[in-house]
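A.B. asks: Quick check, what structure comes out for this input:
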Amino acid sequence: MVIEDNLEVLVSTMHRSSLDFIDKMFLKVEMSKINILIINQTTDKNILTSNQPNIRVINAFDTGLSKSRNLALANAKSKYILIADDDLVYEGNFYKTILDTFKNYQDAALITFEAYDDSGSPMRFYPEKSSKHDYKSISKVSSIEIAFNLETIKKLNVSFNEYFGLGSTFQTGEEQIFARAVFKHQPCYFVKQKIVQHPYFTSGREGGSDRLLYARAAIFYKKNGALSYLKLIHYVFLILKKDEISWNQVIPKLKMGLKGISNYKALVKQGFETR
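C.D. replies: As a prediction, the model looks like this:
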């Protein structure tokens, strides 16, 4: 019997035919307490089913992480929602942490928590204490840190931008765009509590890759307009300083970023995107 009807975990995955991965995700948790909605982007040869009342499955035959997230949003049923990937391990008390936090921050539309890697280190730098998000901090969030009030999100008509995210035109940044859209209208908070563990290596750590540079340059333009060109130069020299690229890659990386900006500007000009 599901106990925590107020919380639902929305899991995006691909080509699954077994629920074994869910057991690993909730290894530390009494799983019957949690509502779970799985979006399995797949083919008709890899269909996922569930006979557990607290686990719902939707098999989708398209691609793109943001499309998966949006399908999950459209079908979610609980008051509070947690965004999830399929390679996480949740803390034993994560659902209580989230529900208690929303009771303490009753005006919150969105709350982010801490994620740690599999060596026990924080996935990124977090503030020293819980705080209200500002524009800078909300622009750094990761999807696996995000929980939100579903009713508020639907009232704001906020969804994931399907031009951004893995499997899309620009393969990163969908969570920051989503979180900033919420932040413009409603209070958002960071709470210094660990809720989840993620493998150390993530696609977001490939800072010098062409696909991420291309996408991040597009995000720079979406956020900053003409200043995006300065942001791009700063970013390329930052990844150079971190030894993620070499000196002979600087010009090709700048060109890749300019291509991302140009292609995003074309979407804006055609009316498919707005800044």
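A.B. asks: how many neighbours does A84 have?
C.D. replies: A count of nearby residues for A84, using other CB atoms under 10 Å, gives 22. Where C-beta positions appear, they are placed from N, C-alpha and C, glycine not excepted.
A.B. asks: and it, bridged to which residues?
C.D. replies: On the basis of DSSP bridges, A84 is bridged to V11.
A.B. asks: now swap in E114 and tell me
C.D. replies: Beta-bridge partners of E114, counted by DSSP bridges, are K194.
A.B. asks: Report how many residues lie close to it.
C.D. replies: So E114, with other CB under 10 Å, has 18 neighbours.
A.B. asks: so who does it touch?
C.D. replies: E114 makes contacts with P122, M123, Y126, E145, K192, Q193, K194, I195, as judged by CB atoms under 8 Å, 6 or more residues apart in numbering.
A.B. asks: Throw these into TSV and include neighbour count, distance to L110 and pLDDT, thanks.
C.D. replies: Formatted as TSV, those follow (neighbours: other CB atoms under 10 Å; distance: CB to CB, whole Å; pLDDT from 0 to 100):
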residue	neighbour count	distance to L110	pLDDT
P122	11	20	95
M123	20	18	91
Y126	19	16	96
E145	24	10	97
K192	12	16	97
Q193	16	15	97
K194	16	18	97
I195	23	14	97
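A.B. asks: Show me the strands in the protein, by range?
C.D. replies: Assigned strands in the chain, in chain order: 4-14, 34-41, 55-60, 80-84, 89-90, 110-117, 131-132, 146-149, 188-198 (criterion: DSSP state E).
A.B. asks: R216 is in contact with I261, correct?
C.D. replies: No - using CB atoms under 8 Å, I261 and R216 do not qualify as a contacting pair, with a distance of 10.1 Å.
A.B. asks: Touching both of the two, which residues are there?
C.D. replies: What both I261 and R216 touch, as defined by CB under 8 Å, 6+ apart, is an empty set.
A.B. asks: one step back: what about the strands of the chain, which gets the closest to F102?
C.D. replies: Between F102 and the strands of the chain, the tightest spacing by CB to CB is seen for strand 80-84, at 5.8 Å.
A.B. asks: Closest one to K67 out of the contacts of E114, please.
C.D. replies: E145 (21.0 Å).
A.B. asks: which residue packs closest to the closest one, ignoring adjacent ones?
C.D. replies: T112 (4.2 Å; CB to CB, 6 or more residues apart in numbering).
A.B. asks: Give me the domain ranges for the protein.
C.D. replies: Domains of the chain are assigned by automatic domain parsing as 4-203, 206-269.
A.B. asks: per-residue confidence for F201?
C.D. replies: Listed pLDDT for F201 reads 62.
A.B. asks: Likewise for K33?
C.D. replies: For K33, the model assigns a pLDDT of 83.
A.B. asks: can you check the one 4 residues further on too?
C.D. replies: What the model reports as pLDDT for L37 is 98.
A.B. asks: Surely it and A74 touch.
C.D. replies: No - with contacts counted by CB under 8 Å, L37 stays clear of A74, the gap being 10.4 Å.
A.B. asks: which one of those two has more residues nearby?
C.D. replies: Neighbour totals were compared for L37 and A74, and L37 leads with 23 against 10 (other CB under 10 Å).
A.B. asks: residue contacts, that one?
C.D. replies: L37 sits next to E8, V9, L10, V11, R56, V57, I58, A72, N75, A76, K77 when contact means CB under 8 Å, 6+ apart.
A.B. asks: from those residues, which single one is nearest W247?
C.D. replies: Closest approach to W247 among those (CB to CB): V11, at 42.1 Å.
A.B. asks: So what's the residue count around the closest one?
C.D. replies: Counted with other CB under 10 Å, the neighbours of V11 add up to 23.
A.B. asks: now swap in V57 and tell me
C.D. replies: V57: 18 surrounding residues under other CB under 10 Å.
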